[in-house]
Each structure stands twice: as structure tokens, then as C-alpha cells.
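1. the amino acid sequence is not available; the structure is as follows:
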């Protein structure tokens, strides 16, 4: 059995076992890949698990890891969306408060200039 076929069949076995991640596929590209200055064994991009390990056993272990990491990462998406929504709300409130203060200060300064007879 071809090495890339082994990974594909293992992925299908995992999908069947957990009934999750059916949208994923796997590509084995034995090479050295770096991210943020560190060598990586695999990653999931656009629905594809990319495995960079050259050793077959390590490649299978990496595929398992990336598959399970993908599934668990999907669990936190609603929390990330909630946090991002809250951040946006607070940014909007802070902006409105800042604009209100700037407007008040401008009014005070301009009123002061209007009453200043030395100018």
C-alpha cells in the first residue's frame, strides 16, 4: 500500500470511528516545514491535513494529532465568536464615550475662546 494511501485510509477509519471531520482530507508531503521559526510536523489548512513527517509511523501519529486538534479547535469557535462580539461591543462603547468627551472639551475650549477678549 502506498504511503499516502495509508494516511488516507487511517483518516477514513478515524472519521468512521468518531463520525466527525468528514470534510477533511489528508496530504503527505515529506519535507521540512517551518512556522514562526520552528519546524512543524503537520497542520490543517482549508480542510486539508498536511503532514510533513518523513517517517511513516511519525506521519500517522502526526495525522492523528492534527485530526484531533482540528476537532477540539472546532469546539472553541463559539467562545471565540462570543469574545470577539464582546470586544467589538466594548470598542464601540469606548469610541462613543471618547467622542462625547472630545466634543465636550471642544465646546469648552471654543466657548472660552469666544469670551477671551485679549485675542
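-> Cool, the structure landed. Note that this is a predicted model, so its numbers are computed, not measured. Numbering: from 1, shown residues only.
2. switch to C-alpha atoms for all contacts and neighbour counts from now on
-> Noted.
3. so how far is residue 86 from residue 20?
-> Using C-alpha to C-alpha, to the nearest Å, residue 20 is found at 30 Å from residue 86.
4. meant to ask about residue 17
-> Going from residue 17 to residue 86 by C-alpha to C-alpha gives 37 Å.
5. with residue 94 instead?
-> Per C-alpha to C-alpha, residue 94 is found 12 Å from residue 86.
6. how about residue 74?
-> Residue 74 sits 20 Å away from residue 86, going by C-alpha to C-alpha.
7. likewise for residue 16?
-> 37 Å.
8. for the protein, what helix or strand is lowest in average pLDDT?
-> strand 33-35 (a mean of 85; mean pLDDT, DSSP states H and E).
9. give me the buried positions along that strand.
-> Residues of strand 33-35 classed as buried: residue 33 (neighbour count, 16 or more other C-alpha atoms under 10 Å).
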